[in-house]
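Asks: Build me a structure from this.
(2 chains)
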There are 2 protein chains.
Amino acid sequence: MEMASHPAVHPVALPPPYQAVGPPAPPAVRINDFPGSPGTLMGLALRFAQLGFALTALCIMVSIVGFSSVTAFCFLVAAMVLQCIWSLCLGVLDCYALLTKRSLRNSLILSFFVVGDWITSTMTFAGACAAAGITVLIDNDLNQCGPNHCNRFEAAAAMAFMSWVITTISFFLSFWILVTCR
Amino acid sequence: MEMASHPAVHPVALPPPYQAVGPPAPPAVRINDFPGSPGTLMGLALRFAQLGFALTALCIMVSIVGFSSVTAFCFLVAAMVLQCIWSLCLGVLDCYALLTKRSLRNSLILSFFVVGDWITSTMTFAGACAAAGITVLIDNDLNQCGPNHCNRFEAAAAMAFMSWVITTISFFLSFWILVTCR
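Replies: Numbers count the residues shown, from 1 in each chain, chains lettered A, B, ... in the order given. Got it, this is the predicted structure:
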């Protein structure tokens, strides 16, 4: 009876040590680690999407001869340059955090992200709205559109709007984490 | 001895009932009750300030003959009407909460305030930016400004910007309370 009970005891006694060694108990840390927050792969993807749309808008605007005669278009170009610099810097910071496995969940760093995201997204949205308003004025209200210019202005404004949407998502995620982590 | 002990027992036995009746134990409720949040006097003041600026912008725009020939100005008027309706409704709700001493710190109500404030502030800002862009185009870039029109357009855009700033403050306060109260 003692020999027969031996194999029946082993499977019951062994599982606890395997369970304790296997997964490194993540739940307490991952509560606020939802995708898109700074220092995550999704956060990096959002930064590169912002950069891509802003860079496209900037290239379209610069390719139009005489865009600088309209103040609102100059403002859009300035906003797109600011957006590109900001998204590129934050993207590089996300890459650094991912490669060195460091956390960006410091309230001072998050406050900086929130303020920066808010300023850049507001500037981008203002530029896009002003450019869209003038494009609609030239195209629909005055019917004085050149052969290709209006399509290009519309495309640049649309790209700027896309960049604004994605920067706003980044802003809300950072703000949410900042408030919940305090 | 029984008659002499009577007055000595009374002063010790009486204080607890007086303390319990006096102040209604506020500390647990007032932590998130900072000025400007929905249902407070400061929140009501913010709503009336938004309403005042939006109504001023609307009146200035409507007073300009032929504003409807420019799509962006029509958009600004529509945004101002929306802003007026929203701020008036929320102001009335704040009045009701103050008069009946009810709390608006329900997460469903706060979510509704946050979404509504975000939509109206975005619409107001978009209208103000488009109108400002066109005003700068007519005034600075084309130098085709009528005798008084540009000043009025600029004043309307400035009022819309002020309304946007105050709606954004209301939005951030509601969002902050929504996130911290969860």
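
Asks: drop to CA atoms for contacts and neighbour counts, all remaining ones
Replies: Will do.

Asks: Tell me which residues touch the residue lying closest to A:Leu104 once chain neighbours are set aside, please.
Replies: Leaving out its chain neighbours, the residue that sits closest to A:Leu104 by Cα to Cα, 6 or more residues apart in numbering or on different chains is A:Gly39, at 5.8 Å. With contacts defined as Cα atoms under 8 Å, 6 or more residues apart in numbering or on different chains, the neighbours of A:Gly39 are A:93-95, A:97-98, A:102-104.

Asks: swap in A:Tyr96?
Replies: Going by Cα under 8 Å, 6+ apart, A:Tyr96 touches A:Arg102.

Asks: For A:Thr40, see how far away it is.
Replies: Going from A:Tyr96 to A:Thr40 by Cα to Cα, to the nearest Å gives 11 Å.

Asks: So stretch A:153-173, near chain B or not?
Replies: No: taking Cα under 8 Å from any Cα of the partner chain as the criterion, stretch A:153-173 and chain B are apart, separated by no less than 10.1 Å.

Asks: so how far is that stretch from its chain's centroid?
Replies: For stretch A:153-173, the separation from the chain centroid amounts to 10 Å (computed by Cα atoms, centre = their mean, to the nearest Å).

Asks: Could you pull up the residues touching A:Ala54?
Replies: Counting by Cα under 8 Å, 6+ apart, A:Ala54 makes contact with A:80-81, A:83-84, A:159-160, A:163.

Asks: hmm, 6 Å instead?
Replies: Going by Cα atoms under 6 Å, 6 or more residues apart in numbering or on different chains, A:Ala54 touches A:80, A:160, A:163.

Asks: which ones are touching the residue nearest the centre of chain A?
Replies: Most central in chain A under Cα atoms, centre = their mean is A:Leu46, positioned 3.1 Å from the mean C-alpha point. With Cα under 6 Å, 6+ apart as the criterion, no residue contacts A:Leu46.

Asks: now the residue nearest to A:Leu104, what's its secondary structure?
Replies: With DSSP: H, G, I helix; E, B strand; the rest coil as the basis, A:Gly39 sits in coil.

Asks: Give me the pLDDT for it.
Replies: We have a pLDDT of 82 for A:Gly39.

Asks: what does A:Val70 give?
Replies: pLDDT, A:Val70: 88.

Asks: How many residues are close by it?
Replies: By the criterion of other Cα atoms under 10 Å in any protein chain shown, A:Val70 has 19 neighbours.

Asks: Show me which residues of chain A are close to chain B?
Replies: A:72, A:126, A:129-130, A:133-134 (Cα under 6 Å from any Cα of the partner chain).

Asks: ok, of these, which one's closest to A:Ile60?
Replies: A:Ala72 (14.9 Å; Cα to Cα).

Asks: show me what contacts that closest one?
Replies: Neighbouring residues of A:Ala72 by Cα under 6 Å, 6+ apart: A:130-131, B:133.

Asks: Setting the sequence-adjacent residues aside, check what's closest to A:Ile134.
Replies: Nearest non-adjacent residue to A:Ile134, counting by Cα to Cα, 6+ apart: B:Ile134, 5.9 Å away.

Asks: C-terminal to the worst-scoring helix or strand of chain A on mean pLDDT, what's the next element?
Replies: Taking mean pLDDT, DSSP states H and E as the measure, chain A has helix A:27-30 as its least confident helix or strand, at a mean of 42. The element immediately downstream of helix A:27-30 (helix or strand, assigned by DSSP states H and E) is helix A:41-63.

Asks: hmm, back to that, just give me the neighbour total for the residue nearest to A:Ile134.
Replies: B:Ile134: 27 neighbours (other Cα under 10 Å).

Asks: ok now do the residue in chain A positioned nearest to chain B, which residues does it touch?
Replies: Of the residues in chain A, the one nearest chain B is A:Ala130, at a distance of 4.2 Å by Cα to the nearest Cα. Residues counted as contacts of A:Ala130 (Cα under 6 Å, 6+ apart) are A:72, B:129-130, B:133.

Asks: JSON lines for the residues you listed, including distance to A:Ser63 and secondary structure?
Replies: Listed next are the contacts of A:Ala130 as JSON lines, based on distance: Cα to Cα, whole Å; DSSP: H, G, I helix; E, B strand; the rest coil:
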{"residue": "A:Ala72", "distance to A:Ser63": "16", "secondary structure": "helix"}
{"residue": "B:Cys129", "distance to A:Ser63": "24", "secondary structure": "helix"}
{"residue": "B:Ala130", "distance to A:Ser63": "23", "secondary structure": "helix"}
{"residue": "B:Gly133", "distance to A:Ser63": "21", "secondary structure": "helix"}
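
Asks: Distance to B:Phe172 for those - can I get that in a markdown table?
Replies: Shown next, in a markdown table, are the contacts of A:Ala130 (distance: Cα to Cα, whole Å):
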| residue | distance to B:Phe172 |
| --- | --- |
| A:Ala72 | 28 |
| B:Cys129 | 21 |
| B:Ala130 | 24 |
| B:Gly133 | 27 |
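
Asks: thinking again about what came up before, return the subset of the contacts of A:Ala54 lying in helices.
Replies: A:80, A:160, A:163 (DSSP state H).
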